[in-house]
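Trainee: could you work out the structure for the sequence below:
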Amino acid sequence: MDFIAKEKMFYYTYIYLNPMKPGKFTYSDYVTFLYEPFYVGKGKNNRIKDHLHEKNSSNKHKFYTIQKIKRSEKEPIFINLINTSEKCAFCYEIFLISLIGRKDLKEGPLTNMSNGGDGNSGYIPSQEMRIKISLATKGRKLNLTKEERQRRIESMSGNKNPMYGKINPFLNKTHSEESIEKMRKAKLGKMMSIETKNKHKELMDGNKNPMYNKFGFDHPAFGTKRSIECKIKQSEARKLYWKNKKESEKNKCQN
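Mentor: Okay, here's the model as predicted:
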């Protein structure tokens, strides 16, 4: 029963406050803030922080409010108000938006564009939509600054990561033959750049390598034997690798 209860408490309702507008903002006997609220939302995991890293948004008012706060060398204040089930999180979101009021309706300071309860949890895109998204994003690279990359790393490190301390959901599972073939074709003939190779080398160099100084009984593969099928696959992979490498070097010489 405890496990079921925890499963249902994954969602929460949150609120964003504007540090540029301090004061006492009271909306009922139980709802008071020391800064003006400007957005109410519902989510799970790290959804509460997503608005801070948006490059664009359909909600322009919320987006520009956050940008204005950042330009003033401050950070928006966000508060997780309640951990609950998805249904209750939606209800509390609707209640708060109604209580505080939307700015576009001239009822209050919130930049929300709806009355809440209209999130897309559990939405599964159609195959056609997946193809469109794939074509639109293929080859696109994130032009993040070092500071933004570091901020993303810190936001997902340690116990901030939603998978921290949890059992990997893929444990004891295997990819289907179809998935394996797709991944194989995607990587086929691709060569890492020298820069990427050097980065990998630095990350796995010396005692950074989890296999560093592991020999004999300490080695996880000690006493195991590869199957004939495994040996053939590895042999073919090595042959293909060297074939592609020779062709790549040949093309460089011709150019």
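Trainee: distance between the biggest helix by length in the chain and the chain's centre?
Mentor: Taking DSSP state H as the criterion, the chain has its longest helix at helix 228-254. Centroid displacement of helix 228-254 relative to its chain, using CA atoms, centre = their mean, to the nearest Å, is 35 Å.
Trainee: for that helix, which helices and strands make contact with it?
Mentor: Using 3 or more CB pairs under 8 Å, 6 or more residues apart in numbering; DSSP states H and E as the contact test, no helix or strand touches helix 228-254. Where C-beta positions appear, they are placed from N, C-alpha and C, glycine not excepted.
Trainee: was I right to think Arg152 contacts His53?
Mentor: Yes - at 7.2 Å, Arg152 and His53 qualify as touching, with contact defined as CB atoms under 8 Å.
Trainee: still on that earlier bit, what comes up buried for the longest helix of the chain?
Mentor: Using 16 or more other CB atoms under 10 Å as the test for burial, helix 228-254 gives no buried residues.
Trainee: which residues of the stretch 51-200 of the chain fall in helices?
Mentor: 60-71, 86-100, 127-137, 146-155, 177-187, 194-203 (DSSP state H, counting those that start in this stretch).
Trainee: could you dump those into a markdown table with distance to Glu229 added?
Mentor: A markdown table is the format used below for the helices of the stretch 51-200 of the chain (distance: least, CB to CB, whole Å):
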| stretch | distance to Glu229 |
| --- | --- |
| helix 60-71 | 54 |
| helix 86-100 | 45 |
| helix 127-137 | 32 |
| helix 146-155 | 39 |
| helix 177-187 | 13 |
| helix 194-203 | 28 |
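Trainee: okay, angle between the longest helix of the chain and helix 177-187 too, please.
Mentor: For helix 228-254 against helix 177-187, the angle by axes from the mean of the first three to the mean of the last three CA atoms, to 10 degrees is 20 degrees.
Trainee: now helix 228-254: mean pLDDT?
Mentor: Mean pLDDT, helix 228-254: 83.
Trainee: do the same with stretch 160-176
Mentor: Stretch 160-176 comes out at a mean pLDDT of 80.
Trainee: circling back to that earlier point, ranking the helices of the stretch 51-200 of the chain by mean pLDDT, which is last?
Mentor: Taking the mean pLDDT of those, helix 127-137 comes last: a mean of 71.
Trainee: please report how far Ile97 lies from Pro109.
Mentor: Distance, Ile97 to Pro109, using CB to CB, to the nearest Å: 11 Å.
Trainee: the more surrounded of those two?
Mentor: Ranked by neighbour count (other CB atoms under 10 Å), Ile97 and Pro109 place Ile97 first, with 23 against 17.
Trainee: for the more buried one, give me its contacts.
Mentor: Contacts of Ile97 were listed using CB atoms under 8 Å, 6 or more residues apart in numbering, and they are 40, 110, 112, 115-116.
Trainee: fine by me, we can end here.
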